[in-house]
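*Asks:* Kindly generate the corresponding structure for this input.
(4 chains)
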Number of protein chains: 2
Amino acid sequence: MNYFRSRIVIVEDNDAVREGFSLIINSVSNYYVVSGYDNAEDCLKNLKKDKPEIILMDLELPGMNGIEAISAIKKINTSVEIIVNTIYENSELVFQALCAGASGYITKNTSHTELLDAIDEVIQGGAPMSSKIAKLVVNSFQKNPNSPLSARETEVLELLSKGKSYSMIAQELFITKETAKSHIKNIYSKLQVNSKSEAIAKATKEKLI
Amino acid sequence: MNYFRSRIVIVEDNDAVREGFSLIINSVSNYYVVSGYDNAEDCLKNLKKDKPEIILMDLELPGMNGIEAISAIKKINTSVEIIVNTIYENSELVFQALCAGASGYITKNTSHTELLDAIDEVIQGGAPMSSKIAKLVVNSFQKNPNSPLSARETEVLELLSKGKSYSMIAQELFITKETAKSHIKNIYSKLQVNSKSEAIAKATKEKLI
DNA sequence: CATATCATCCCCCAATTAGCGGGAAAATAG
DNA sequence: CTATTTTCCCGCTAATTGGGGGATGATATG
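*Replies:* Have a look, this model is predicted:
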């Protein structure tokens, strides 16, 4: 009877919330909660025993935080799918969680149905995200439309950020080294920096490249 | 009566599909189709007249392709929300579309309901994506788990990719310049490259950093 | 316990690079 | 028509890079 039911682990320090999730998840036949923990350490300790396909992970936890926990879990078992469930919509946290290996990120105002939908989506190979989170993620691909740099300058800075030297940039853009140097001079002046790394840092931060 | 209905433009070269979408969208009261085009050029030409809040954009078009169209449209009107609707799930195209400024990316096997949901989501500031697309996007944040580089080497390479010099890397990691050099030597040997830019290129391609 | 990898540190050396200063001319766009 | 962009040139010096050759102790991994 259990053969086709996905094993789920919940890490959530609020007992009421954790037990609520368990009830919701256990109420449908496709999956069941093998274990619930109020901290990441216990989850890690029992990972090999629990063998979950999916972990529902809170981020604000006592002791080890959720981001560290995701990294640690993924190091032990790369195939487990982790869905972050938190109140935080802070973009830094979102990207940290995704970089650490989260497969989905849903915020805590989600309904029971949305929670179950997220689990379904992960099982089907998707990446469930709350609406705002998806927007954050998509925005991260887009450049700042108010860049002070010209198209050519942006092109040069992009190559610079890939570690190319002046002469390599010149070669790739079919210009002389002097022209590349000239562009870089102008880039530095516009960004008010005076070195490659500062320029890259500023451009990355302001999404100019 | 029209004041609160969102204006939608459809760019889709298949007449039947385009007209089908129009019927679906016009069947609900929240939005209506102001224009439909079978190519991007005509859409661009009429952008100021149509004043759409949302554009439903196909990628495979005669003449100017969808990616170029998105860039061109966004250059004219940064606030218009563009939802890509295509059969392609190719990751390169997805990222190009998002980088060009698409707010959503749905594939053509979506139901009428899902199409309308996507439009709703965009209006509410979200970023609708098909399940597979969301997974692609989320995966793009994650590193290759089979990196040949050690943690320290990865750290060094990350700083190198930010344009830092050997001495700056040494400073940031509290090691000597010689140690940084040593790490870089080992990185080059492991990646079988012999320069900074090659290393960064290979590491980026294989998502080691 | 032996071997491998990792992280740290040291030397020498030559070629290239980066960034500073100063220009200038043609093309493009508003 | 004026501002910006893109292209190109010169000289100069400090710094960087990447090649080579090592060594040490710690920590895994078998």
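
*Asks:* For the residue positioned nearest the centre of chain A, give its distance to DNA strand D.
*Replies:* With distances taken as C-alpha atoms, centre = their mean, the residue of chain A nearest its centroid is A:L98 (2.0 Å). Computed as C-beta to the nearest atom of the strand, to the nearest Å, the A:L98 to DNA strand D distance reads 26 Å. (C-beta placed from N, C-alpha, C; glycine too.)

*Asks:* Tell me how many other residues crowd the residue nearest to that residue when sequence neighbours are not counted.
*Replies:* Nearest non-adjacent residue to A:L98, counting by C-beta to C-beta, 6 or more residues apart in numbering or on different chains: B:F141, 4.1 Å away. Other residues lying near B:F141 total 18 when counted by other C-beta atoms under 10 Å in any protein chain shown.

*Asks:* repeat for A:I83
*Replies:* 23.

*Asks:* which residues sit in contact with it?
*Replies:* By C-beta atoms under 8 Å, 6 or more residues apart in numbering or on different chains, the residues touching A:I83 are A:54-57, A:102-106, A:118-119, A:122, A:128.

*Asks:* go again using 7 Å as the cut-off
*Replies:* A:54, A:56-57, A:103-104, A:106, A:118, A:122, A:128 (C-beta atoms under 7 Å, 6 or more residues apart in numbering or on different chains).

*Asks:* A helix includes it, no?
*Replies:* No. Per DSSP: H, G, I helix; E, B strand; the rest coil, A:I83 lies outside any helix segment and is strand.

*Asks:* Surely A:N77 and A:L44 touch.
*Replies:* No. Contact between A:N77 and A:L44 fails when scored by C-beta atoms under 7 Å: they sit 10.3 Å apart.

*Asks:* Ramachandran angles for the residue nearest to A:L98?
*Replies:* The phi/psi pair for B:F141 (degrees, to the nearest 10) reads phi -90, psi -20.

*Asks:* Test my guess that it contacts A:A97.
*Replies:* No. Taking C-beta under 7 Å as the definition, B:F141 is not a contact partner of A:A97, at 9.0 Å.

*Asks:* Mutual contacts of the two, please.
*Replies:* With C-beta under 7 Å, 6+ apart, B:F141 and A:A97 have no common neighbours.

*Asks:* Help me confirm that A:L115 comes into contact with A:S22.
*Replies:* No. Shown here, A:L115 and A:S22 do not form a contact pair, counting by C-beta under 7 Å, at 11.4 Å.

*Asks:* ok so A:K135 is a strand residue?
*Replies:* No. Read with three-state DSSP, A:K135 is helix and lies in no strand.

*Asks:* my guess is it contacts B:Q124, does it?
*Replies:* No. If you go by C-beta under 7 Å, A:K135 and B:Q124 don't touch, sitting 9.5 Å apart.

*Asks:* Pick out whichever of these two has more residues nearby.
*Replies:* Shown here are A:K135 and B:Q124; by other C-beta under 10 Å, A:K135 has more neighbours (20 against 11).

*Asks:* Any idea how many residues pack against the spatially closest residue to the more buried one that is not a sequence neighbour?
*Replies:* Of all residues not flanking A:K135 in the chain, B:A127 sits nearest, at 4.4 Å (C-beta to C-beta, 6+ apart). When neighbours are defined as other C-beta under 10 Å, B:A127 has 26 of them.

*Asks:* State the distance from B:A127 to DNA strand C.
*Replies:* From B:A127 across to DNA strand C, the span is 29 Å (C-beta to the nearest atom of the strand).

*Asks:* Quick one: the contacts of A:I83 as a markdown table, columns for pLDDT and secondary structure too.
*Replies:* Output for those, formatted as a markdown table (pLDDT from 0 to 100; DSSP: H, G, I helix; E, B strand; the rest coil):
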| residue | pLDDT | secondary structure |
| --- | --- | --- |
| A:I54 | 98 | strand |
| A:L56 | 98 | strand |
| A:M57 | 98 | strand |
| A:S103 | 98 | coil |
| A:G104 | 98 | strand |
| A:I106 | 97 | strand |
| A:A118 | 97 | helix |
| A:V122 | 97 | helix |
| A:P128 | 98 | coil |
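
*Asks:* Give me the distance between the residue nearest to A:L98 and DNA strand C.
*Replies:* Computed as C-beta to the nearest atom of the strand, the B:F141 to DNA strand C distance reads 23 Å.

*Asks:* now do A:I83
*Replies:* In terms of C-beta to the nearest atom of the strand, A:I83 sits 31 Å off from DNA strand C.

*Asks:* Find the nearest non-adjacent residue to that residue, please.
*Replies:* A:G104 (4.2 Å).

*Asks:* Tell me how far stretch A:106-120 lies from the chain's centre.
*Replies:* Distance of stretch A:106-120 from its chain centroid, counting by C-alpha atoms, centre = their mean, to the nearest Å, is 18 Å.

*Asks:* mind listing what's buried in it?
*Replies:* Buried residues in stretch A:106-120, counted by 16 or more other C-beta atoms under 10 Å in any protein chain shown: A:106-107, A:115-116, A:118-120.
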